[in-house]
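In: Next comes the sequence, and after it the predicted model I'd like to discuss.
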Amino acid sequence: MHVQEWLDTVPAAAVYAVVALVIGLESLGIPLPGEIVLVSAALMSSQHTGINPVVLGACATAGAVIGDSIGYAIGRKGGRPLLAWLGRKFPRHFGEGHVATAERSFEKWGMWAVFFGRFVALLRIFAGPLAGVLHMPYWKFLIANVLGGICWAGGTTAVIYYVGVVAEDWLKRFSYLGLAAAVLIGLASMLVLKRRARKAQAREPEPVPAGE
């Protein structure tokens, strides 16, 4: 079932909880579609479904920050054996190549890797645990984690919400115009196809009788 269709079947309070939980688990290091869930919920909030976009953004931010912090603690305690175990369990997400790429990003960018990693699917899963494994000072991690969570979760919610509102308003204003345009395009396409078919038929050579 499509994510948005499923979210439509649960109360608004449950939507907030699901968004916070899925994003928190993804930030913790479990490969889940946090961004898809957030975008779907934000789009629903623009369609008068009783979902408050401010509350939604706050829940998404809380899930991101808390999940990343738990991931950091787990990574700091588990160390590299944890990454090796995750690589065996989730080779598509924690394979040696993915881990090496994430490590190079952390070594080169430090706090910025945590901040901008929030906007990249691969680093979003790695950021918390890998920062702990690499023993990044927690205060640095926390600053980047909070700022990244606010910008990503809050920003995504705001952008999708306003895009949904504008799209709905545009469709209401131009629905009849769009319908008329669609009908005209359909008729024109049909006429063009018929004309091409007649031309192609006229160019076909006449069949030669078998006896000649």
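Out: Good, I have the coordinates. Everything numeric in this text was worked out from a predicted model, so none of it was measured.

In: quick one, helices of the protein?
Out: Using DSSP state H, the helices of the chain run over residues 3-7, 12-28, 34-45, 53-89, 91-94, 96-109, 111-117, 121-133, 138-149, 155-203.

In: any low-confidence regions in the chain?
Out: In the predicted model of the chain, residues 1-6, 8-9, 48, 83, 86-87, 89-96, 98-99, 102, 166-212 satisfy pLDDT under 70.

In: Please repeat the previous calculation with a cut-off of 90.
Out: 1-15, 26-51, 71, 74-138, 140-141, 155-156, 158-212 (pLDDT under 90).

In: Tell me who's in contact with Phe106.
Out: Contact partners of Phe106, counting by Cβ atoms under 8 Å, 6 or more residues apart in numbering, are Ala113, Val114, Leu130, Ala131, Leu134, Met136. All C-beta spots, glycine's among them, are computed from the backbone N, C-alpha and C.

In: With Trp112 instead?
Out: Listed by Cβ under 8 Å, 6+ apart, the contact set of Trp112 reads Ala144.

In: what do you get for Ile51?
Out: Ala12, Val15, Tyr16, Ala41, Met44, Ser45.

In: Okay, buried residues for stretch 123-134 please.
Out: Leu123, Arg124, Ile125, Phe126, Ala127, Gly128, Pro129, Leu130, Ala131, Gly132, Val133, Leu134 (16 or more other Cβ atoms under 10 Å).

In: and those residues as TSV, adding distance to Val55?
Out: Converted to TSV, these look like this (distance: Cβ to Cβ, whole Å):
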residue	distance to Val55
Leu123	27
Arg124	22
Ile125	25
Phe126	29
Ala127	25
Gly128	24
Pro129	28
Leu130	31
Ala131	28
Gly132	30
Val133	34
Leu134	35
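
In: So which of the residues you listed is the closest to Trp152?
Out: Within these, proximity to Trp152 (Cβ to Cβ) peaks at Arg124, which comes in at 8.1 Å.

In: is it true that that closest one touches Phe116?
Out: No: between Arg124 and Phe116 there is no contact under Cβ atoms under 8 Å: 10.0 Å.

In: got the contact list for Asn145?
Out: Here Asn145 is in contact with Ala64, Val65, Asp68, Ser69, Tyr72, Val114, Ala127, Gly128 (Cβ under 8 Å, 6+ apart).

In: What is the burial count for the fourth one?
Out: This points to Ser69. Neighbour count for Ser69, taken as other Cβ atoms under 10 Å: 22.

In: Verify the stated contact: it with Gly128.
Out: Yes: using Cβ under 8 Å, Ser69 makes contact with Gly128 at a distance of 6.9 Å.

In: No further queries at this time; thank you.
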